[in-house]
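Trainee: Got a sequence here, can you build the structure:
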Amino acid sequence: QVQLVESGGGLVQPGDSLRLSCAPSGRTFSNYVMGWFRQAPGKERQFVAGISPSGTYTRYTDSVKGRFTISRDNAKNTVYLQMNNLKPEDTAVYYCALTPRIIGGPAYDKERNYDAWGQGTQVTVSS
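Mentor: Below is the predicted model of the structure:
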């Protein structure tokens, strides 16, 4: 069974940067769509970014476009989320997820399309 382990969260000030990493184990990483989701206190979990198996297609929620970048290194079995110019509203637990499904476009945004999830890593943006 696949396990997803996120790392890289922390406490930062507005305007700072963080890079999250996620390393799935137990499966051929390069076959799967990878996604990042986040859940703020008292709110539902929401899609942040997704990347195709080859890395050639990426998708972002509007609030992070131009600030966050999702990427993957299939040789290292790792997906990254580079977060720049962080804002207090980015504070949340960030989750990595994967799916073996062949999906496209808006399907990346849907939690139900992902089959495995990490335990989450806390990102807090505060002055």
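Trainee: Where does pLDDT dip in this structure?
Mentor: In the predicted model of the chain, residues 27 satisfy pLDDT under 70.
Trainee: And the residue nearest the centre of it?
Mentor: W36 (2.0 Å; C-alpha atoms, centre = their mean).
Trainee: How many neighbouring residues does the nearest residue to that residue once chain neighbours are set aside have?
Mentor: What sits nearest to W36 in space, not counting adjacent residues and going by C-beta to C-beta, 6 or more residues apart in numbering, is V48, at 4.4 Å. (C-beta placed from N, C-alpha, C; glycine too.) For V48, the count of nearby residues is 24 (other C-beta atoms under 10 Å).
Trainee: buried ones in the helix or strand containing V48?
Mentor: Taking DSSP states H and E as the criterion, V48 maps to strand 46-51. Buried residues in strand 46-51, counting neighbours by 16 or more other C-beta atoms under 10 Å, are found at F47, V48, A49, G50, I51.
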